[in-house]
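>>> build the 3D model from these lines:
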Amino acid sequence: MKLDTAGLRVLTREECLHLFTLTPVGRIVFTDRALPSVQPVNFLLNGEDIVIRTSTGSKLAAATRNAVVAFEADEIDVTTRTGWSVTAVGHARAVTDPAEIELLSALPLVRWLPGDQDHFIVVRAEQVSGRRIV
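Just a heads-up that it's a prediction; the model follows:
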């Protein structure tokens, strides 16, 4: 078991990817008008890709096209002081291929907001890291 300098257990890539499957909400970090922006989103891990469903005209959709973004998910229990946090960094792309849109539409990625949310953003988890409170 590898610990970091703060005493947190360093997670392997495989552990991080598994933890992404355990929570439906994460935070995407992107650049909006040259400033960092963080937005909570519901998501689904599809292989090693983070899939986000949003509306076509959203600020998130516009800001993440072919950009490098960070994505974070966590689960913290403040009572027991346990939990984990995982982060992925990679290129975000807007899905435009009709066949891929059809495949992603079939995933169990539940829309949380009303209205048109037929725009998919896929983030390739190129760099993955995570820590667990032990």
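>>> show me how far stretch 19-27 is from its chain's centre.
7 Å (Cα atoms, centre = their mean, to the nearest Å).
>>> count of residues packed around Arg81?
8 (other Cβ atoms under 10 Å). C-betas here are computed from N, CA, C, even on glycine.
>>> quick check: it touching Leu8?
No: taking Cβ atoms under 8 Å as the definition, Arg81 is not a contact partner of Leu8, at 11.9 Å.
>>> show residues contacting the helix or strand bottoming out on mean pLDDT in the chain.
Ranked by mean pLDDT, DSSP states H and E, the weakest helix or strand in the chain is helix 59-63, scoring a mean of 79. With Cβ atoms under 8 Å, 6 or more residues apart in numbering as the test, helix 59-63 has contacts from 28, 30-32, 37, 39, 41, 52, 54-55, 94, 119, 121.
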